[in-house]
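Q: Any chance you can model this:
(chains A, B, C and D)
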Number of protein chains: 2
Amino acid sequence: MDQPSRSAGTVRPGGRTARVRAAVMEATQDELVEHGFHGLTMDQVAARAGVGKTTVYRRWGSRAGLVTDLMTELANQSTPHADTGDVEEDLRANALSVLGAITDGRLGATFQAVIAAATCDEQAAGALRVFYLRRIEEWAGVVDLAVKRGELPEGTDGGEVIRAISAPLYYRLVITREPVTRADAERSVARTLAAARAGAFVMPETAP
Amino acid sequence: MDQPSRSAGTVRPGGRTARVRAAVMEATQDELVEHGFHGLTMDQVAARAGVGKTTVYRRWGSRAGLVTDLMTELANQSTPHADTGDVEEDLRANALSVLGAITDGRLGATFQAVIAAATCDEQAAGALRVFYLRRIEEWAGVVDLAVKRGELPEGTDGGEVIRAISAPLYYRLVITREPVTRADAERSVARTLAAARAGAFVMPETAP
DNA sequence: TCCTTAATGGAATTGAAGTTCCGTTAAAAT
DNA sequence: ATTTTAACGGAACTTCAATTCCATTAAGGA
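A: Modelled structure (predicted):
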C-alpha cells in the first residue's frame, strides 16, 4: 500500500495539494462537530471535502491521523501566556482559556475528539501530550513571574500549578461528564491559588 | 434482530446462563488487558469465553455493552470510605485507592477501557458517571466527619474535595498521558488539604 | 420424570471500512 | 511552450465486524 504517509504532499505543496489539505481539514472539523470522533469516517470526510478517498487514506492514513494533524495545527496557533501583573488574573485567564477550548462549539468538539482519539491511538496520544506539555510550559511562566513579585513562595512549581488549574475541568469533562462551567473555572483558580500560597506547590530540592 | 438485550438471561438466570455470563466477563477483562478497548472485538471475546458470538451480541449488544456491564459489577464491589479519625489519612486512603484503580494491571486496564468507551458511547458514559458520583458521595463522608471534628472549616464541600483529590491523577492519565505515581497521589492530597484548610472549598450559602 | 420454551451456538449473509489498481490532472522544472 | 512526474480520483476488490437464520441444548415448572 501507499505509506500512511508523510511522503505525499511534501514535494509539490503548492496549489492543488494545499487546497486539498485545507478542504480535508475543514471537512474533518465539520464532521467532528456533527458526529464526534467515533462517528468520523474517512469516506464521509473525503465526500464532504470533495476529494477522492484514496487521497485521504494516502495522506492521513486513518481517522487518528486526521485529528492528529488538526491538533498539530492548533498547537501552532497557541498564544503566549497572559501577563497582567497579578497571579490571580493570569491564572484566571488560563482557566478561562481552557474552559473555552473545552466548551466552545467548534474548538470544543475538536479537542474532545482528540482526547477520544488519544484513548485508542498512540499517534494521537503523542500529539495531545506534546500540545499540553508545551502549553503547560508556556503558562508556567506566569507563576515564575508571581514568585519574582513575591506573590507566591520561592520554589513554587509553575508546571504543577498550571496542571492543577485545568485538572478539575478535564475531570468533569472526561470522567464524571458533568457540565463544565465558568464557575468551575473560577473555583479551580481560587483553590489552586490557596494551595500555592500555603506553599503546597513548593517542590523539595533535588539538586546536591 | 434480537434486542441489544435485557430480555435474555433474566428469565432463566441459573446454571448455563450464569456460567456464560461469568465466562464472558472474564474473557472481556482478559481481552481488555491485552488489547485495550479499541482492540476489543465481540468475536474474540466469544471465542475466548468458549461461547457462541450470537450469544454475546444478543446479551450485550456491543463492546460498550460489555464494558458497561463490567463497570456495573465493579460498582457493586465498591467498599465504604476509610475512617481513621484523621482527614489527611482518610484522603490519602482515597487517593491511593484511585491510584490503584488506575495503575493496577487488571483493574487499571478495565477502568481505562471504560473511560475510552465513555468517549464514544452514551451507555458507557452513563455507567461511568453513576460509578464516580456514587463513589464521590461515599467518600465525601470523610470530609463531613473532619468538619465535625473541627479539622476543616464549617461548610466545606465534601464532594468537591474528593473530586479535587483524584482530578490531577486522571489529568495525567488521560490528557498529558504521563505516568501516574504514588508521589502524585501524595501531592494531590497535600495540595487539596491545604486549599481546604484555607477555606477554598467552602461553598457560598444558597438557601434563604 | 417429562414437557415447554428460554437460551445458546454454528453457519451463512450482509454491509461498511479499508485497500489496491491504474488512468487522469496539474505542479514545477526546463 | 513543453516535459516530467507528483499527486489526485474513480472504481473494483478485500476484509472483517455485525446481523440473521434456524437447529440444538438444557432450565425450571408440572
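Q: Mind naming the longest helix for chain A?
A: Looking across chain A with DSSP state H, the single longest helix is helix A:122-149.
Q: What ranges does chain A have for its helices?
A: Ranges of helices within chain A are A:15-35, A:42-49, A:53-60, A:63-76, A:87-103, A:105-118, A:122-149, A:158-170, A:182-197, based on DSSP H.
Q: Check which helices and strands the longest one sits against.
A: In terms of contacts (3 or more CB pairs under 8 Å, 6 or more residues apart in numbering or on different chains; DSSP states H and E), helix A:122-149 is packed against helix A:63-76, helix A:87-103, helix A:105-118, helix A:158-170. The C-beta positions use only the backbone N, C-alpha and C, and glycine is treated the same way.
Q: Then the fifth one?
A: The elements that helix A:87-103 packs onto, with contact taken as 3+ CB pairs under 8 Å, 6+ apart, are helix A:105-118, helix A:122-149, helix A:158-170, helix A:182-197.
Q: hey, which of those helices is tucked in deepest?
A: Mean neighbours per residue, mean count of other CB atoms under 10 Å in any protein chain shown, is largest over these for helix A:158-170, with a mean of 24.
Q: and that helix, average pLDDT?
A: Helix A:158-170 shows a mean pLDDT of 98.
Q: Same question for stretch A:95-112.
A: Stretch A:95-112 comes out at a mean pLDDT of 93.
Q: Give me the contacts around it.
A: With CB atoms under 8 Å, 6 or more residues apart in numbering or on different chains as the test, stretch A:95-112 has contacts from A:29, A:32-33, A:36-37, A:67, A:70-71, A:74, A:165-166, A:169-170, A:173, A:180-182, A:184-186, A:188-189, B:119.
Q: residues in contact with residue A:36?
A: A:109, A:112, A:113, A:116, B:120.
Q: would CSV of the helices and strands packed on helix A:122-149 with distance to residue B:83 be doable?
A: Formatted as CSV, the helices and strands packed on helix A:122-149 follow (distance: least, CB to CB, whole Å):
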stretch, distance to residue B:83
helix A:63-76, 44
helix A:87-103, 34
helix A:105-118, 36
helix A:158-170, 25
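Q: quick one: residue A:114 and residue A:70 touch, right?
A: Yes. Residue A:114 sits in contact with residue A:70 when judged by CB atoms under 8 Å, with a separation of 7.2 Å.
Q: so which of the helices of chain A comes closest to residue B:161?
A: Comparing these against residue B:161 with CB to CB, the closest turns out to be helix A:182-197 (9.5 Å).
Q: Run a quick neighbour tally on the closest residue to DNA strand D within chain A.
A: Closest approach between chain A and DNA strand D, counting by CB to the nearest atom of the strand: residue A:52, at 2.3 Å. By other CB atoms under 10 Å in any protein chain shown, 12 other residues sit near residue A:52.
Q: OK, contacts around it?
A: Residues in contact with residue A:52 (CB under 8 Å, 6+ apart) are residue A:46.
Q: Model confidence for it, exactly?
A: pLDDT, read off for residue A:52, is 95.
Q: if I look at it, how far off is residue A:63?
A: Taking CB to CB, to the nearest Å as the measure, residue A:52 falls 17 Å from residue A:63.
Q: Same check on residue A:96?
A: Counting by CB to CB - residue A:96 and residue A:63 are separated by 30 Å.
Q: How about residue A:194?
A: 42 Å.
Q: where does chain A dip in pLDDT?
A: Chain A contains residues with pLDDT under 70 at A:1-14, A:205-208.
Q: what do you get if the cut-off is 80, keeping everything else the same?
A: Applying pLDDT under 80 to chain A flags the ranges A:1-15, A:205-208.
Q: nearest residue to residue A:47 other than its sequence neighbours?
A: residue A:53 (7.7 Å; CB to CB, 6 or more residues apart in numbering or on different chains).
Q: pretty sure the one you found contacts residue A:41?
A: No. Taking CB under 8 Å as the definition, residue A:53 is not a contact partner of residue A:41, at 9.4 Å.
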